[in-house]
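Undergrad: 3D model of this:
(one chain, ligands or ions: 1)
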Amino acid sequence: MAIISSNVGDNDFSLQKKELRLVDSKIISEEKRNNNLNLARPVTLQEFIGQEKLKSSLKIAIDASIYRKEPLEHILLYGQPGLGKTTLAFLIAHEMNTKCRIATAPAIERPRDIVGLLLGLKEGEVLFIDEIHRLNRLTEELLYSAMEDFRLDLTMGANRGARCRTINLPKFTLIGATTKLASISPPLRDRFGISQKIEVYTNDELKQIIINFARLINLNLDDEASYNLAEMSRGTPRIALRLLRRVRDYAQVVNETNFISINLLTKALNSYQIDKKGLDSLDRQYLSFLNLNNIPTGLDSIAAGLGEDSSMIEFVIEPYLIQIGFLIRTHRGRLLTDLAKKYIDSENANF
Ligand code: ADP
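TA: Numbering: from 1, shown residues only. All right, here's what the predicted structure looks like:
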């Protein structure tokens, strides 16, 4: 990370110039573990902005299960990272007046991990499994009877000495989240009574999410600044909130203010090397990689070349580049448009 001296407004501050990655799987895992983020999480379904159809069908399912005094059906939520799947799991548990236990599939390595999780549940509780498409086969098979009959069928011992044991479980609701619906095996997918897609957000919805969060952290944004930030957030609340936090750092450290004008927003984003199109360093690496390759290139080669997760590239980086007319997906691979090449040439110093 280079240290530069930058002239900012009337003040001449020495500022650490940082590259802000809008999309970063490592940062996302850290953010998910970070309790401070809970501040940003809406607490009731009403406070959850957007996704109106999804919210109303969830509300009906929740009210029906409360009316029948039965556990809510298992729910599968799918959509790109940062759209609110974890948040919704918490909200659903809140509406059901119960607790939500959280696990991620890659951390459930051995059958005893999932057995421990299931045995630790109390009647009516919610178990949220993130990245559920990454469950291993043995764990997945144990889940089948747990989801369907609230029962665990365990085989103890091996060969001739093997015995089957059945353990009854409390009635619970499994909420699975995935970015890759197609990677979930049909037997697992079929065991979810409710399967819902989370759509990307409109700029107006993101603007509202930004304004609500700004209020929580005592920031004031002018109208143009909040809309501008929303436009750069790729339809994703997590990106909007991350950008807002960095802009707040800049405003407080450099300008000693809690008011974000459009002018200050532009300077802050410049300082984090987010360019006028809202592209960050990873977008630029992606564009440079394709530009150098200069032939249609497959997703896996790009992911390997950039050392990035392919779902991040496919669901977060590429949709934005397609939206601004920089990228086309052909059956032979990804290709840059002339518009993108012109932009790379014009911004050469930054690439
Ligand atoms: P996912 O599980 O889909 O990766 P999260 O639930 O972790 O996404 O959401 C990322 C961040 O965005 C969280 O801080 C969350 O509170 C916020 N967020 C997501 N959706 C909304 C929404 N509809 N309204 C307000 N904040 C939201």
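
Undergrad: and stretch 268-277, average pLDDT?
TA: In this model, stretch 268-277 has a mean pLDDT of 87.

Undergrad: return the distance of that stretch from the chain's centre.
TA: 22 Å (CA atoms, centre = their mean, to the nearest Å).

Undergrad: just the pLDDT at whichever residue of the chain sits closest to the ligand, thanks.
TA: Closest approach between the chain and the ligand, counting by CB to the nearest ligand atom: Gly84, at 2.7 Å. In this view, the C-beta of every residue, glycine as well, is placed from N, C-alpha and C. For Gly84, the pLDDT comes out at 96.

Undergrad: right, and Leu327 touches Thr337 too?
TA: Yes - if you go by CB atoms under 8 Å, Leu327 and Thr337 touch, sitting 6.7 Å apart.

Undergrad: which one's more surrounded, those two?
TA: Between Leu327 and Thr337, counted using other CB atoms under 10 Å, the more crowded position is Leu327 (21 against 15).

Undergrad: for the more buried one, which non-adjacent residue is spatially closest?
TA: Distances taken as CB to CB, 6 or more residues apart in numbering put Leu321 closest to Leu327, at 4.0 Å, once the chain neighbours are dropped.

Undergrad: what's that neighbour in contact with, if anything?
TA: Asp283, Tyr286, Leu287, Leu327, Ala340 (CB atoms under 8 Å, 6 or more residues apart in numbering).

Undergrad: all the strands of this structure, residue numbers only.
TA: Counting by DSSP state E, the chain has strands at residues 3-8, 11-16, 75-78, 100-104, 126-130, 151-156, 163-168, 173-178, 194-197, 220-221, 259-260, 327-330, 333-336.

Undergrad: CSV please, covering these and showing mean pLDDT and distance to the ligand.
TA: What follows is the strands of the chain, written out as CSV (pLDDT from 0 to 100; distance: least, CB to the nearest ligand atom, whole Å):
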stretch, mean pLDDT, distance to the ligand
strand 3-8, 32, 29
strand 11-16, 40, 25
strand 75-78, 98, 8
strand 100-104, 96, 10
strand 126-130, 97, 7
strand 151-156, 87, 27
strand 163-168, 89, 30
strand 173-178, 98, 6
strand 194-197, 96, 12
strand 220-221, 96, 16
strand 259-260, 96, 19
strand 327-330, 94, 23
strand 333-336, 96, 24
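
Undergrad: neighbours around the closest residue to Leu181 other than its chain neighbours, how many?
TA: Distances taken as CB to CB, 6+ apart place Tyr78 nearest to Leu181, at 4.5 Å, with adjacent residues excluded. As a burial measure, Tyr78 scores 21 neighbours (other CB under 10 Å).

Undergrad: surely Tyr78 meets Ala177?
TA: Yes - Tyr78 lies in contact with Ala177 (CB under 8 Å); the separation is 7.3 Å.

Undergrad: overlap in contacts of the two?
TA: With CB under 8 Å, 6+ apart as the test, Tyr78 and Ala177 both reach Lys85.

Undergrad: follow-up on the earlier one: from the contacts of Leu321, pick the one nearest Asn97.
TA: Asp283 (43.0 Å; CB to CB).

Undergrad: around the ligand, which positions in this structure sit nearby?
TA: 37, 40-42, 48-50, 81-87, 177, 209, 237-238, 241 (CB under 6 Å from any ligand atom).

Undergrad: pLDDT value on the residue lying closest to Asp153 once chain neighbours are set aside, please?
TA: Residue nearest to Asp153 in three dimensions, not counting chain neighbours: Ser145, with 5.1 Å by CB to CB, 6+ apart. pLDDT recorded at Ser145 is 95.

Undergrad: and Ser145, how many residues sit next to it?
TA: Counted by other CB under 10 Å, the residues lying close to Ser145 total 16.

Undergrad: from Phe326, how far off is the closest residue to Lys341 other than its chain neighbours?
TA: Using CB to CB, 6+ apart and skipping residues adjacent in sequence, the residue nearest Lys341 is Asn291, 6.6 Å away. Here Asn291 is placed at a distance of 11 Å from Phe326 (CB to CB, to the nearest Å).

Undergrad: who has more neighbours out of these two?
TA: Neighbours per residue, other CB under 10 Å: of Asn291 and Phe326, the larger number sits with Phe326, 24 against 14.

Undergrad: that one reaches Leu336, doesn't it?
TA: Yes - between Phe326 and Leu336 there is a contact under CB under 8 Å: 6.5 Å.

Undergrad: shared neighbours of these two, which are they?
TA: Leu287.

Undergrad: quick one: residues contacting the closest residue to Ala162 other than its chain neighbours.
TA: What sits nearest to Ala162 in space, not counting adjacent residues and going by CB to CB, 6+ apart, is Thr155, at 5.5 Å. Neighbouring residues of Thr155 by CB under 8 Å, 6+ apart: Ala162, Arg163, Cys164, Arg165.
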